[in-house]
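>>> Model the structure of this input:
(chains A and B)
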Amino acid sequence: MSSIIPRKMSPAARQFLDKIMALSDALNERMAVKALIEKRQAAKQQLLTMGLPTRKDEDWQYTSIQSLLQQAFSLKHVQEPIELTTAQIQTFLPNFDTIRLVFVDGFFSEQLSGGFDFIPDGLSIEMADADAIQTINLSEKADAFQWMNELMLDQGVTIELDARVSVEAPLHILYIQTQTAEVLSPRLQVRLGQSSQLQLLQQYVCLTEEVTTWVNGISHITVGENAQCKQLVLQQLSQNSFYFNHQHFVQAAASHIETSYIALGALLSRHQSVATQQGDAAETDQDSIVLGRGQQVMDTRTLTQHQALHGHSRQLHKLVLADEARGVFNGMIEVAKGAQKTDGQMDTKSLLLSPKAKVDAKPQLEIYADDVKCSHGCAAGQIDEDQIFYAQARGIRRSDAMQLITQAFLLEPLDKWQTQPEMQAWLTKLIVQKL
Amino acid sequence: MSETTQYQEINDLLSKNSSYKEGFFTQTIVDTFAKGLNEEVVRAISAKKNEPEWMLDFRLKAFAHWKTLEEPHWAKANYDAIDYQDYSYYSAPECNSCSSDCPSGNKGLSMEMDPEVAKAFASLGVPIYGEDSAEKANIAVDAIFDSVSVSTTKRAELEKLGIIFCSFSEAVHDYPELVQKYLGTVVPYHDNFFAALNSAVASDGTFVYIPEDVRSPIDLSTYFRINEAKTGQFERTILIADKNSYVSYLEGCSAPVRDSYQLHAAVVEVIVHENAEVKYSTVQNWYPGDEDCEGGILNFVTKRGICEGAHAKLSWTQAETGSAITWKYPSCILKGDYSIGEFYSVALTNRRQQADTGTKMIHIGKNTRSTIISKGLSAGKSDNTYRGLVRILPSAEGARNFTQCDSMLIGDQCGAHTFPYIEVENATAKMEHEATTSRIGEDQLFYCQQRGISEQDAISMIVNGFCKEVFSELPLEFAQEAEELLAISLEGSVG
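Model (predicted):
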């Protein structure tokens, strides 16, 4: 280890890292599980070597983490979960049936959770503190935030679904943060057996707008042959919060995943979705809806790795940016040698509502096979004056017309929920409220 | 090594590289600096060219800065770290470099030219004798052989219009105020590693100045030729188009077949004033190396233009077929309101060539417009990358960009990559970007073959169709040359 030269860090970055390392040390004493301590210590070494990213790093060129570095966080400073009533969280809940798991400041709340009747045979949900979360191993390419998750690793959820089991109700995992300056490092591991089906809804909220939190999560989802997974990540943290999430799908042959990310909150957010198609004829759909206001920085990233024959992938990313918000998109489609007949498509569209809003996009293709169809499109602009005029000519007020056009623009990725009108209506309501 | 064995070797190399017809070598007496790079060499280059103090200062500043920099390796190309001490930084045919004897103004007259050098250009089809070529080509040529400009044609004719068309070294002597005013304004010496290197050891290049209200009646052109082994060519080209002027400038290049990598690090600066228009076309055909691209040219070029005034227009057109490694991003800084930047590119890679090329469009002025059309073709075991930046600054009210990058893969061993960077900081701007990847379909080939068109011709036809949008931007003879080049470079690449 001594041969590796630690990276130089700014004083702010160094201080921040020292503080969260102290949190990790305290956690080691509180949760003295040997395997976890080893993992956290390895993460500490790794972080000392790699340092925290700056805008000089290619992957962080458009995303500055300065606002995060100025904050100080604590880890589980409340020893007992805060008691909440169902009425208090009602506003966050959808009006349809789900299998609901609620975590308050990282503690599982049995009282708030529900819908256990919908759990079929063959679906197992484990919230083991130690064993389940140890099985996620970070890749060599893991970034500093994944290592920070490992550094403060304390809990996770493992979901296993047996072959040929189809779960009717969506599995809803709700994380509610009630304490200010708390860091949450959730881990989720999902394994879908052959030909199984699951809908997953991950929701991140703060109890009130006054709560400032930092969520730094990792999800690993393995999708078996011919299995289907429809996932939705709903990020509604308070406007001063921080959100980092890294999710990785590993797909077997003929599996199908659909993942949507809806970003409405957080001062600084970065959602990275990786899909690796290991088996032939896998399908991957990745969508996102990003609505930024104020000083928000919203970073969405996708990496689609086509490694087998006949892969198919589709992406549609919509960004609406108002005030001084900054949107960042980075998408990469990688087609490995031999991944013939791949069909990959990626679309990013941004609407800038104010003169100070910004968007930076990097849609990329890296292709090593010839018999493929790959394309990406990217567009940015403001609302077309002609469209507003068209609406105004029909007696619609200018402000209403703009609202209408923006809404129609932003909600396009929700079309895929048409078969579930309740879900679509709920999501539409959530987004329109924010507009 | 005796001369005969040397020729034998060259012939062997040539036969291995039958597709590279410019691969011959000119035997002439040359004045070449010993290998190595240090401050002495920089001073010696400057002394050789009888340069004034300010030019030497510029070189030394750049050199001091260069030493602090690290060789960039971010491009999608694998190459070993270059040993900069293993190159010679100055080489010139003897009888033209006797600058101590003949006054600098006399340079460029064809009568002093080494006949061997003249022969070389003749076989390349470059019309270096102004008189002969008058009826042949309506074009003025600056021919550059290794480190010096050997001939500049039609100068007198152009001078009548006030157009300055000469080699960079002459410009340093004859128009110092103009050179000083513009040198390093678009590409400063500290811009990047290779720009710094070029600023330090700049060999020769072309200097063009089009005065106000003048439309250049003929195309201006430079032909670059690297001849000596293990030398680097570091030309510096400055092109200035004053108000309401127009010029079309062409650039071509080639090098002999060698078994060791040769280095080419050029800098081009283009300044376009109000209402002026510059069309800059390049056909790059440096020696790509043998079957494994060993010994090809390493081409690291910084090309940048600024649209200084309102309604200025700068258009880059390039056909890139040569070089083992290409690292080139002709850029436009759109500073004047309503200025226009264009980039049309065809990049073809075969064997193990690696090209990382694209453009930067920096929108500063109001209602500025830019168009990027890039066509990448990869064959063999090559990698072809488009890397481009479109930046719309907050001041660029109503800016407009359209980008289209198409890649075509020929064979399953090659790679095609697209890395666009898009930064929009003004809401009134409109930008669109599209990229696609495809290949020559078997059904397309079958369709042609069924109609009696040979496979080779069919491929050539499909490829030319694919590149048509770009070739139509090239001046006529150049377009034809580019088409032929593509056909030759692609020969035998489809099995």
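>>> Was I right to think residue A:39 contacts residue A:152?
No - Residue A:39 is not in contact with residue A:152 according to C-beta atoms under 8 Å; the separation is 10.6 Å. C-beta here means a position set from N, CA and C on the backbone, and glycine is covered the same way.
>>> secondary structure class for the residue of the stretch 101-250 of chain A found nearest chain B?
Chain B sits closest to residue A:141 of the stretch 101-250 of chain A, with a gap of 16.8 Å, by C-beta to the nearest C-beta. What DSSP: H, G, I helix; E, B strand; the rest coil gives for residue A:141 is coil.
>>> which residues touch it?
Contacts for residue A:141 (C-beta atoms under 8 Å, 6 or more residues apart in numbering or on different chains) come out as none.
>>> and it, what pLDDT?
On pLDDT, residue A:141 comes in at 84.
>>> Report the helix or strand with the lowest average pLDDT across the chain.
Defaulting to chain A. Counting by mean pLDDT, DSSP states H and E, chain A has its least confident helix or strand at helix A:131-134, which shows a mean of 62.
>>> meant chain B, my bad for not saying
Going by mean pLDDT, DSSP H and E, chain B bottoms out at helix B:130-136, a mean of 47.
>>> The helix or strand following it - what's its average pLDDT?
The first helix or strand that comes after helix B:130-136 along the chain, using DSSP states H and E, is strand B:139-145. Confidence over strand B:139-145 (mean pLDDT, whole number) is 73.
>>> Strand B:139-145 pairs with which strands, parallel or anti?
Partners of strand B:139-145 in the sheet, by DSSP bridges, are strand B:148-152 (antiparallel), strand B:219-225 (parallel).
>>> for whichever helix or strand comes after the shortest one, which positions count as buried?
What that stands for is strand B:148-152. Per DSSP H and E, strand B:148-152 leads on to helix B:155-160 as the next helix or strand towards the C-terminus. For helix B:155-160, burial by neighbour count (16 or more other C-beta atoms under 10 Å in any protein chain shown) applies to B:155, B:158.
>>> Send me helix B:155-160 as PDB with only the CA atoms.
Only the C-alpha atoms of helix B:155-160 are listed here, as PDB (Å, rounded to 0.1, in the frame of the first residue of the first chain):
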ATOM      1  CA  ARG B 155       3.000  36.200 -55.100                       C
ATOM      2  CA  ALA B 156       3.400  39.100 -57.400                       C
ATOM      3  CA  GLU B 157      -0.100  38.700 -58.800                       C
ATOM      4  CA  LEU B 158      -1.500  38.600 -55.300                       C
ATOM      5  CA  GLU B 159       0.600  41.500 -54.100                       C
ATOM      6  CA  LYS B 160      -1.100  43.800 -56.600                       C
END
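>>> packing partners for that helix?
strand B:139-145, strand B:164-167 (3 or more C-beta pairs under 8 Å, 6 or more residues apart in numbering or on different chains; DSSP states H and E).
>>> any idea how far residue A:429 is from the residue of the stretch 101-250 of chain A closest to chain B?
38 Å (C-beta to C-beta, to the nearest Å).
>>> and if you look at residue A:320?
Distance from residue A:320 to residue A:429, by C-beta to C-beta: 17 Å.
>>> Just want to know which of those two has more residues nearby.
residue A:320 (24 against 12; other C-beta atoms under 10 Å in any protein chain shown).
>>> who touches the more buried one in this structure?
Residue A:320 neighbours (C-beta under 8 Å, 6+ apart): A:290-292, A:350-351, A:353, A:406, A:409-410, A:435.
>>> Could I get the phi/psi values of it?
phi -120, psi 120 (degrees, to the nearest 10).
>>> ditto for the one 10 residues further on
Dihedral angles phi and psi of residue A:330 (degrees, to the nearest 10) take the values phi -140, psi 120.
>>> What separation is there between it and residue B:451?
For residue A:330 relative to residue B:451 (C-beta to C-beta), the value is 46 Å.
>>> quick one: low-confidence parts of chain B?
B:1-30, B:93-116, B:119-120, B:122-139, B:146-153, B:227-230, B:253-260, B:293, B:491-495 (pLDDT under 70).
>>> In the stretch 201-350 of chain A, what residue spans correspond to strands?
A:213-223, A:228-236, A:242-251, A:256-263, A:268-277, A:283-292, A:297-306, A:312-321, A:326-335, A:343-352 (DSSP state E, counting those that start in this stretch).
>>> so what does the first one touch, helix or strand wise?
Identification of packing neighbours for strand A:213-223 by 3+ C-beta pairs under 8 Å, 6+ apart yields helix A:144-151, strand A:171-177, strand A:182-184, strand A:187-192, strand A:197-206, strand A:228-236, strand A:242-251, strand A:256-263.
>>> Quickly list the domain ranges of the chain.
Using chain A. Listed by automatic domain parsing, the domain ranges of chain A are A:84-388, A:389-435.
>>> The chain in question should be chain B.
Per automatic domain parsing, the structural domains of chain B span B:16-273+B:287-310+B:321-328, B:338-495.
>>> and the nearest residue to residue A:324 once chain neighbours are set aside, which of the three is it?
The shortest distance from residue A:324 to any non-neighbouring residue, by C-beta to C-beta, 6 or more residues apart in numbering or on different chains, is to residue A:356 (4.5 Å). Three-state assignment for residue A:356 (three-state DSSP): coil.
>>> Tally up the residues packed near the nearest residue to residue A:96 once chain neighbours are set aside, please.
In space, and not counting its chain neighbours, residue A:96 is closest to residue A:422: 4.3 Å by C-beta to C-beta, 6+ apart. Neighbourhood size, residue A:422 [other C-beta under 10 Å]: 12.
>>> My read is that residue A:422 contacts residue A:95, right?
Yes - at 6.8 Å, residue A:422 and residue A:95 qualify as touching, with contact defined as C-beta under 8 Å.
>>> ok, and of the contacts of residue A:320, which contact chain B?
Of the residues in the contacts of residue A:320, proximity to chain B by C-beta under 8 Å from any C-beta of the partner chain holds for A:350, A:353.
>>> Can I get the buried part of the contacts of residue A:320 as one ChimeraX selection?
Selecting the buried subset of the contacts of residue A:320 in ChimeraX, with 16+ other C-beta under 10 Å as the burial test, is done by:
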select /A:290,291,292,350,351,353,406,409,410
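>>> list the buried ones in the biggest helix by length in chain A?
The longest helix of chain A (DSSP state H) is helix A:11-30. Residues A:13, A:16-17, A:20-21, A:23-24, A:27-28 are the ones in helix A:11-30 that count as buried (16+ other C-beta under 10 Å).
>>> near chain A, which residues of chain B?
Checking chain B against chain A by C-beta under 8 Å from any C-beta, the hits are B:74, B:394, B:407, B:409-439.
>>> Which ones among the residues you listed map onto strands?
B:407, B:409-410, B:415-424, B:430-439 (DSSP state E).
>>> Is there a quick PyMOL command that grabs whichever of the residues you listed are buried?
Listed next is the PyMOL selection for buried residues among those, using 16+ other C-beta under 10 Å:
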select buried, chain B and resi 407+409+410+415+416+417+418+419+420+421+422+423+424+430+431+432+433+434+435+436+437+438+439
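>>> Give me the neighbour count for residue 252.
In the absence of a named chain, chain A is used. There are 19 residues near residue A:252, going by other C-beta under 10 Å.
>>> Wait, chain B was what I had in mind.
Neighbour tally, residue B:252, other C-beta under 10 Å: 22.
>>> And for residue B:469?
For residue B:469, using other C-beta under 10 Å, the count is 15.
>>> so what's it up against?
Per C-beta under 8 Å, 6+ apart, neighbours of residue B:469: B:344, B:373, B:375.
>>> Would you confirm that it belongs to a helix?
Yes - Residue B:469 forms part of a helix when assessed by three-state DSSP.
>>> and the gap between it and residue B:317?
11 Å.
>>> Where does pLDDT dip in chain A?
For chain A (pLDDT under 70), the answer is A:1-6, A:77-79, A:128-134.
>>> What is the neighbour count of the nearest residue to residue B:200 once chain neighbours are set aside?
Among residues not flanking residue B:200 along the chain, residue B:63 sits closest, at 3.7 Å (C-beta to C-beta, 6+ apart). Applying other C-beta under 10 Å, we find 21 other residues in the vicinity of residue B:63.
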